[in-house]
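**Student:** Attaching a predicted model along with its sequence, questions to come.
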Amino acid sequence: MVKREGGALLLSISIDRSSKGSVVQQLCLSLRELVFSGALQSGERLPASRILARELGVARSTIINAYERLGSEGIFEMRIGAGTFVGEALNSRLPPQVTPKTTAKKKKITPPLKLSKQFSEFSNGFVDRLGHKPGPFTTAMPALDVFPGALWSKLASRHWRGHPEKSLGYGDSQGYLPLREAIVSHLRTNRGIECNSSQVFTMAGAQQAFNVIANVLVDVGDLIWFENPGAIGARNCFVAAGGTLVPLPVDKQGLVISNHRKANPDFRLAFVTPIHQQPTGATMSLGRRLSLLEAAESANAFIIEDDYDGEFSYTGHPLPTLKSIDTAGRVLYVGTFSKTLFPALRLGYVVVADGLLDAFSKATSAVLPGTPLHTQALVASFMQEGYFASHLRRMRKIYAERLHALLKASDKYLHGKLEVLATNAGLHTVGYFAKNYSEFEISRLAAEQGVTVTPLARFCIQPIKSKGLVLGFSGTNTDAITKAVKTLSGVFDRVDTARSKL
C-alpha cells in the first residue's frame with residue numbers, strides 16, 4: 001500500500017470530475033461516510049486543509065468549505081490553532097460497529113419496530129385495494145385514450161401565461177373558491193343538489209374525503225352500516241378509524257336495511273353507493289332511500305353517499321342522488337374527478353350540511369395540506385367554460401358504446417359461462433357464473449392471459465351466495481373489449497376441459 005501524506009483516509013476518497021455534484025458535495029459525502037462507518041473515530045484529527053488539498057488535487061478553499069459544512073452539522077469541530085477534529089459528541093451517539101468477525105459469531109438482533117396500538121389492531125382488517133393498470137376489464141378506469149389532452153394543455157398554457165402567482169401559494173384549505181362555485185353550479189344543474197360554496201370542501205380525491213369524515217365523526221367501536229359487497233377503499237378508512245362495520249346485504253333495489261333497523265339501531269354512519277352500487281351496479285329504490293334517511297334521523301346518524309361514477313347514465317337522464325331528497329342534512333355527498341376526468345388529478349370533494357361546517361373547517365385547516373391550487377384553477381376553468389359538461393356528454397356516448405360491445409361479445413362468447421348484466425350507469429358491470437366456477441381461479445388464469453377480472457368476493461365483508469366477476473368496460477376501446485371477452489371465454493373452456501378429465 002502506498003503511504004500518502006494525508007493519511008489512510010485519502011485512499012477511500014475519490015473525486016469524479018464528470019459528476020453533476022460539486023466537488024465540495026462529493027467530499028462532504030465521502031467524509032461523512034467515513035465518520036458514520038467508524039473509519040474516522042470521535043476526537044480523531046483530520047489532515048490539514050493544505051495537505052489534503054494537495055493530495056486530492058483540489059483547491060484549499062474546497063477543503064475548507066467541506067470542513068466548515070461538516071462543522072456546521074456538528075460532525076467536525078474546528079479548534080483554533082489545533083486543527084479540525086471529528087466531533088466528540090458523536091462518541092456516544094453513533095451505533096456500535098459490528099466487525100465481520102463479530103458478525104460471524106453472533107447475529108445482530110434488531111428490535112421490532114413499534115407501531116401505534118390502534119394501527120396494529122385495526123390494520124388487520126384492511127383489504128388490499130384493486131390495481132388500476134389500464135387494460136381490458138380494469139375497474140374505475142376512465143377512457144384516458146380519448147381525454148382532450150390538447151384542450152387541457154391549452155388551458156394550462158393560458159393559465160401559466162396569465163397570473164400564475166395567484167395559484168402558487170397555499171390557498172384556502174377548504175378549496176379554491178371558483179372551483180367550489182363551479183361544483184355547486186354543476187351539482188344543482190346535473191345532480192339535483194341544492195347547496196352553496198361554503199358547504200363544499202375540495203379534497204385530494206374521494207379517499208381523503210372518507211378519511212376526514214371518519215376522523216371527524218367516528219369513535220372507536222361506533223357502528224357503521226356498510227354495503228356487502230361494498231367499496232374497498234372507503235371500507236379501509238372506517239376500519240382505520242376503529243369503526244365496527246355492520247355488513248348489510250344488497251339486492252336489486254340496493255341496500256337492505258329492514259332487519260338491521262332493529263338489530264343495530266344505534267349506528268353512527270351508513271356508507272352507500274345508491275346510484276351505481278359498488279360493485280353490483282344496483283340502483284337504490286326510492287323506498288329504500290326514504291327508509292335509510294328515516295333510520296339516520298332516528299339514530300342521529302349520518303349517511304355517506306359516494307357518487308363515484310353516477311355521472312355516466314345510460315337511461316337518457318341522470319339518475320337522482322340521495323342527497324337531492326335529504327331535507328334533514330343527514331347526507332354527506334362525496335364526488336370525485338378521478339372518474340369524470342382522470343385519476344392523476346387526485347381531486348375530489350365533499351358536500352356537508354350546515355351543522356358540520358365548523359368541524360370540517362377545523363379538520364381541513366388544521367391537518368390537511370390542501371390540493372394543488374393550480375390544479376383546482378385548471379379544473380375550475382374547464383368547468384366554467386362549458387368544457388366539463390361537453391366532456392361528460394361525449395364520455396357517456398363512448399362508454400355506452402363500450403358497454404354495448406361488452407354485452408354483445410359476452411352474449412356470443414360467454415353464453416352458458418358468465419351472465420354479464422346490463423347496467424344503467426357507471427364504468428363497470430358484473431357477470432354472474434352460470435356454473436360453479438372458482439372466482440379466484442378464473443381471475444388468476446385470466447391474468448395470465450393479460451386480462452384483468454375482479455372476483456366479486458374481493459368486495460365482501462362476509463361471504464355471499466352469488467359468485468361472479470366485476471368487469472370494467474370504460475378504459476379500453478370496443479375492439480380490445482371483444483378480444484378480451486374471447487380470451488376470457490378460452491379461460492372458462494380451459495377450466496371446463498380440466499374438470500372433464502377428472
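**Tutor:** Here it is on my side, so go on.

**Student:** pull the helix or strand with minimum mean pLDDT from the chain.
**Tutor:** Using mean pLDDT, DSSP states H and E, helix 100-105 stands out as the lowest-scoring helix or strand of the chain, at a mean of 48.

**Student:** Pull out the buried positions in the helix or strand harbouring Ala484.
**Tutor:** Secondary-structure assignment from DSSP states H and E places Ala484 in helix 478-500. Buried residues in helix 478-500, counted by 16 or more other Cβ atoms under 10 Å: 478, 480-485, 488-489, 491-492, 495. Any C-beta I mention is one placed from the backbone N, CA and C, and that applies to glycine too.

**Student:** before we move on, what about stretch 49-69?
**Tutor:** 49, 51-53, 55-56, 58, 62-67, 69.

**Student:** for stretch 248-266, same thing?
**Tutor:** For stretch 248-266, by 16+ other Cβ under 10 Å, it's 248, 250, 254-255, 257, 260-261, 264.

**Student:** Three-state assignment for the closest residue in space to Leu56 that isn't next to it in sequence, please.
**Tutor:** Distances taken as Cβ to Cβ, 6 or more residues apart in numbering place Ile15 nearest to Leu56, at 6.1 Å, with adjacent residues excluded. Following DSSP: H, G, I helix; E, B strand; the rest coil, the label given to Ile15 is coil.

**Student:** do the same with the one 10 residues further on
**Tutor:** The three-state label given to Gln25 by three-state DSSP is helix.

**Student:** before we move on, the earlier item: next, format the buried residues of stretch 49-69 as a markdown table and append secondary structure.
**Tutor:** Listed next are the buried residues of stretch 49-69 as a markdown table, based on three-state DSSP:
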| residue | secondary structure |
| --- | --- |
| Ser49 | helix |
| Ile51 | helix |
| Leu52 | helix |
| Ala53 | helix |
| Glu55 | helix |
| Leu56 | helix |
| Val58 | coil |
| Thr62 | helix |
| Ile63 | helix |
| Ile64 | helix |
| Asn65 | helix |
| Ala66 | helix |
| Tyr67 | helix |
| Arg69 | helix |
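
**Student:** Does Gly329 belong to a helix, a strand or coil?
**Tutor:** coil.

**Student:** how close does it get to Pro279?
**Tutor:** Applying Cβ to Cβ, to the nearest Å, the value for Gly329 to Pro279 is 29 Å.

**Student:** Looking at these two, which is more packed in?
**Tutor:** Pro279 (30 against 15; other Cβ atoms under 10 Å).

**Student:** tell me the contacts of the residue lying closest to the more buried one once chain neighbours are set aside?
**Tutor:** Residue nearest to Pro279 in three dimensions, not counting chain neighbours: Val470, with 4.6 Å by Cβ to Cβ, 6+ apart. Taking Cβ atoms under 8 Å, 6 or more residues apart in numbering, we find Val470 in contact with 139, 279, 428-430, 453-456, 458-459.

**Student:** cutoff 7 Å now
**Tutor:** By Cβ atoms under 7 Å, 6 or more residues apart in numbering, the residues touching Val470 are 139, 279, 428, 430, 454, 456.

**Student:** Give me the phi and psi for it.
**Tutor:** For Val470, the backbone dihedrals (degrees, to the nearest 10) come out as phi -100, psi 130.

**Student:** Tell me the bridge partners for it.
**Tutor:** Note on Val470: beta-bridge partners Val430, Thr454, judged by DSSP bridges.

**Student:** if we can go back for a sec, rebuild the buried residues of helix 478-500 as a markdown table, extending it with pLDDT and distance to Thr273.
**Tutor:** A markdown table is the format used below for the buried residues of helix 478-500 (pLDDT from 0 to 100; distance: Cβ to Cβ, whole Å):
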| residue | pLDDT | distance to Thr273 |
| --- | --- | --- |
| Thr478 | 96 | 26 |
| Ala480 | 96 | 27 |
| Ile481 | 97 | 24 |
| Thr482 | 97 | 28 |
| Lys483 | 97 | 30 |
| Ala484 | 97 | 25 |
| Val485 | 97 | 26 |
| Leu488 | 97 | 25 |
| Ser489 | 97 | 30 |
| Val491 | 96 | 29 |
| Phe492 | 96 | 29 |
| Val495 | 93 | 31 |
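
**Student:** how does the protein divide into domains?
**Tutor:** 10-92, 120-125+145-389, 395-500 (automatic domain parsing).

**Student:** Which of the ones you listed sits closest to Lys133?
**Tutor:** domain 395-500 (7.2 Å; Cβ to Cβ).

**Student:** Quick one: end-to-end length of that closest one, please.
**Tutor:** One end of domain 395-500 sits 44 Å from the other (Cα to Cα, to the nearest Å).

**Student:** what pLDDT does Tyr170 get?
**Tutor:** In this model, Tyr170 is scored at 83, pLDDT.

**Student:** can you tell me how far Asp266 sits from Val246?
**Tutor:** 11 Å.

**Student:** Name the residues contacting each of these two.
**Tutor:** Contacts common to Asp266 and Val246, judged by Cβ under 7 Å, 6+ apart, are Leu223.

**Student:** Tell me which residues touch His260, please.
**Tutor:** With Cβ under 7 Å, 6+ apart, His260 has these contacts: 225, 246, 248.
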